[in-house]
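> 3D, please:
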Amino acid sequence: IPLIGAVTYFFLRKPSINFKLTNAGTLVDIPGLNDLMLVQINEIIASMMVLPNRQVVALVQDIQIGHLRWSNPQGVVRVFVLRAQNLINADISLLGKGKSDPFVKVKLQGTTEYKTKTIDNTTDPTWNEQNQVFEFVVEQSESDVVQFEVYDEDPGKDDFIGRAQYPLKDLVDSGHVDTWLTLQDVKKGTLNVGLQYFTLTKQKSCLDVVS
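Sure, this is the predicted structure:
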């Protein structure tokens, strides 16, 4: 008698993927092809196997696996991108002084990625007047991390100018936070964000209190 009816598997965070094209002839010489393929592969993996997405394998016949494939979310996190300070100068002019055109990508692992508006020609951008607010469904509040990546917008390839993250486990108890995050993988720069966490409930009495 089988004791296990099904197996579910997934990635908590988007995996690091690398590959090398072989026997592809002149395809490998096309500028940007490798980067484009890597982006597509990462998006496919995330849409299939990074939480809240998952794969389920039934081990016995006539077993219902819908509740395993789509678990109940724990809450919703609302993210405010407010401002940044002292970003690196990614655009160098003929006079030797450069200003970036920054924007921020925001995502919760395995979910849709959002992007703020671009603020032109500044290393101290402000977004709070632009209503840059994004919401994500939270599957695992103890392990989910809100990720921020800052870029300088360019006609060709956008320049990376820093990343930061905020773990939701530090947010659940307080419910809201307004904080400055130090940008990683760059020499300088900070990002000011606000976060709010809302717990989902099936109790009608809680909804009556809110209304």
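> in this protein, which spans are strands?
6-9, 55-58, 75-85, 102-108, 114-115, 133-138, 145-152, 159-167, 176-182, 190-199 (DSSP state E).
> Dump the ones you listed into a markdown table; add distance to Pro15 and mean pLDDT as well.
(Each C-beta comes from the backbone N, C-alpha and C, glycine too.) Below are the strands of the chain laid out as a markdown table (distance: least, C-beta to C-beta, whole Å; pLDDT from 0 to 100):
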| stretch | distance to Pro15 | mean pLDDT |
| --- | --- | --- |
| strand 6-9 | 12 | 81 |
| strand 55-58 | 14 | 84 |
| strand 75-85 | 22 | 95 |
| strand 102-108 | 15 | 95 |
| strand 114-115 | 21 | 94 |
| strand 133-138 | 20 | 90 |
| strand 145-152 | 14 | 95 |
| strand 159-167 | 16 | 95 |
| strand 176-182 | 24 | 97 |
| strand 190-199 | 25 | 95 |
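> So which of these is the most surrounded?
Of these, the one with the most neighbours on average (mean count of other C-beta atoms under 10 Å) is strand 102-108, at a mean of 23.
> I'd like to know which of the strands of the chain is closest to Asp124.
Comparing the strands of the chain by their distance to Asp124 (C-beta to C-beta), the top pick is strand 75-85, with 5.2 Å.
> Next, the angle from the closest one to strand 133-138.
Calculated by axes from the mean of the first three to the mean of the last three C-alpha atoms, to 10 degrees, strand 75-85 forms an angle of 140 degrees with strand 133-138.
> Let's check: the centremost residue of this structure is which one?
With distances taken as C-alpha atoms, centre = their mean, the residue of the chain nearest its centroid is Lys107 (1.9 Å).
> ok so, going back, please tabulate the strands of the chain in JSON lines, including the columns distance to Lys20.
Output for the strands of the chain, formatted as JSON lines (distance: least, C-beta to C-beta, whole Å):
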{"stretch": "strand 6-9", "distance to Lys20": "26"}
{"stretch": "strand 55-58", "distance to Lys20": "26"}
{"stretch": "strand 75-85", "distance to Lys20": "36"}
{"stretch": "strand 102-108", "distance to Lys20": "27"}
{"stretch": "strand 114-115", "distance to Lys20": "30"}
{"stretch": "strand 133-138", "distance to Lys20": "34"}
{"stretch": "strand 145-152", "distance to Lys20": "25"}
{"stretch": "strand 159-167", "distance to Lys20": "22"}
{"stretch": "strand 176-182", "distance to Lys20": "34"}
{"stretch": "strand 190-199", "distance to Lys20": "34"}
